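Chemist: would you be able to build a 3D model of this:
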Amino acid sequence: MSEYQVLAVIAAFAFLYSLVASRLERTPINGALIYVICGLICGPTVLNIVSLNLEGEGLKTLAELTLAVVLFSDSANANLKVLHRVEQLPIRLLLIGLPLTIALGFGVGYILFDGMSLIAIALLATMLAPTDAALGKAVVTNEAVPDSIREPLNVESGLNDGICVPVLLIFLTLATEHVSGNGTLSMIIQFPLKAIGVGALVGIIFAVLGSQLLKFCFQHKWLAGTWMQVPIIALALMCFATAQWLGGSGFIASFVGGLIFGGLTHEHKKEVLRSAEGTGDTLSLLTWFTFGAVAVGPQMEHLSWQVIVYALLSLTVVRMLPVFLCVISTKLQTDTKLFIGWFGPRGLASIVFIVIVVDKNLPENATLIAAVTWTVVLSIILHGITANPLSKIYSQRVRDRNGVT
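Modeler: So this is what the prediction gives:
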C-alpha cells in the first residue's frame, strides 16, 4: 500500500472534519471519538485503505509530538493566580493520588489477569495511570466549571504523564534485563530524579529565554503576520526534544515550559497561542485517526471479559477511589470529589507508553495492548459523551450552593 494513499485518505478526512468541527464541539460527540471510528473504518479491519504498524516509530513519534504541543499550549493558558490559590489540590493528586492509582491498578490487574507476571501487571497499571490533557480539554476549557477545579485538573494531566515515564522505564528495565539489588535501588532513585529534574530545568530555561526574545521582537516589530504562528510550536518541540535528548522527561519540560512562558508573557499572548492550539488539534486528529486504524480493529480478536472489566474499573474505581483518599481531609464537597475523580480520561500518554512497551516484545504484549487499547477507547466514548452534560450539571450545583443565579 502506497504511503501516498495513506496520506491522501488522512488528509481528506482532516479536511472534511475541519469543516464541521466547530459545530460538533457543541454536541456530546467529541472529536477523538469520530477520529477513532473513521480510522477504524479506513483501517485493515473494514475498508483496508489505510495500513499502518503499531510497532513502528510513526505512531509513537506522532503521539509524543502531539502531547508535547498540547501540554505546552494548555499550561501556557493556565491561570497562575488561581493555581497558586489551590496549589494543594494538584499536589495531592500527583503525590498521593497517582501512586495510589498505580497501586490499585496493580491490585486489580493481579486479580483479573491470572498468569501474567507481576512486572507486566505493574507496567499495565503505570501505562493507564496518567490522565490525558487533550481528552480533558472539554472540561478544563469549559468556563462554566469553576477555575479552582479546572486548573488543578489541567496541572494534574500535564505532569502525571511525565512523572510516570521514569516509573515505566524502571519496570520495563526490570522486565527485560537482569538487574541486581543495588542496581534496582539505584534506578528507583536516579530515574525519577533525572527525568523530573532535567525536564523541569529545560522547560524553565527555554521558557524564560523564549518569552524574553519574543517580547524583544514584538517591541521592535520584528514579528508579525503568519510568522506569529511559528514560535510557540517550535518552543514546545524544543522543550520536549531537548529534555528527551538529555535523558529527562520531555512531557514535564513541555508542561513546565508552557506554564512559565504563560506566566511571563502578557502582550500578544492569545495571538501566539492560538496557532499552537490549532496545531495541537490537527496533530490530535491525526493521532486518534491512526490509533483507530492501527490498534482498535486488530484488537477486536483480543477482547475478553477480563480486559473489559479492567478497563471499566480503571476508569472508575482505580481512578476515583485514590482521588477520594487524597482529598479526604479537604473541605471539598462530595460532588466535587466525584467530578474530579470521573474526569481522568486516558489517552495520548497511554498510547505512547504502549508503543514503547510493544517494542520490547514481552510475552504479555497481546494482553497489554488489548487492555490499554480498550481502556482508551472506552475513555474516549464515556468521557467524551459526559464532558459537556456533567460540566453543566456540576457548575449549576456550584452556583446553587453559592447562591448565584
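
Chemist: strands along the stretch 251-400 of the chain, start to end?
Modeler: Using DSSP state E, counting those that start in this stretch, no strands are assigned anywhere in the stretch 251-400 of the chain.

Chemist: tell me which residues of stretch 323-339 come out buried.
Modeler: Buried residues in stretch 323-339, counting neighbours by 16 or more other C-beta atoms under 10 Å, are found at V323, F324, C326, V327, L332, T336, K337, L338, F339. In short, each C-beta sits where N, CA and C put it, glycine included.

Chemist: just put these in TSV and tack on pLDDT and distance to F261.
Modeler: As requested, these are arranged in TSV below (pLDDT from 0 to 100; distance: C-beta to C-beta, whole Å):
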residue	pLDDT	distance to F261
V323	95	29
F324	94	34
C326	93	29
V327	91	29
L332	88	30
T336	92	30
K337	93	32
L338	94	33
F339	93	29
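
Chemist: from those residues, pick the one nearest S18.
Modeler: Distance to S18 across the buried residues of stretch 323-339 (C-beta to C-beta) is lowest for F339, with 31.0 Å.

Chemist: before we move on, the earlier item: closest one of the buried residues of stretch 323-339 to P298?
Modeler: Within the buried residues of stretch 323-339, proximity to P298 (C-beta to C-beta) peaks at V323, which comes in at 33.0 Å.

Chemist: list just the nearest of the buried residues of stretch 323-339 to L7.
Modeler: Taking C-beta to C-beta as the measure, F339 is the one of these closest to L7, at 40.6 Å.

Chemist: who touches the residue lying closest to the closest one once chain neighbours are set aside in this structure?
Modeler: Nearest in space to F339, with sequence neighbours left out and distances taken as C-beta to C-beta, 6 or more residues apart in numbering, is Y394 at 4.9 Å. If you count contacts by C-beta atoms under 8 Å, 6 or more residues apart in numbering, Y394 has them with V145, D335, T336, F339.

Chemist: distance check, Y394 against G97.
Modeler: Y394 is 19 Å from G97, where distance means C-beta to C-beta, to the nearest Å.

Chemist: what do you get for I111?
Modeler: Per C-beta to C-beta, I111 is found 21 Å from G97.

Chemist: between the two, point out the one with more neighbours.
Modeler: Set side by side, I111 and G97 show more neighbours around G97, with 27 against 13, by other C-beta atoms under 10 Å.

Chemist: test my guess that that one contacts L321.
Modeler: No - with contact taken as C-beta atoms under 8 Å, G97 and L321 are classed as non-touching, separated by 9.5 Å.

Chemist: I appreciate the help and will end here.
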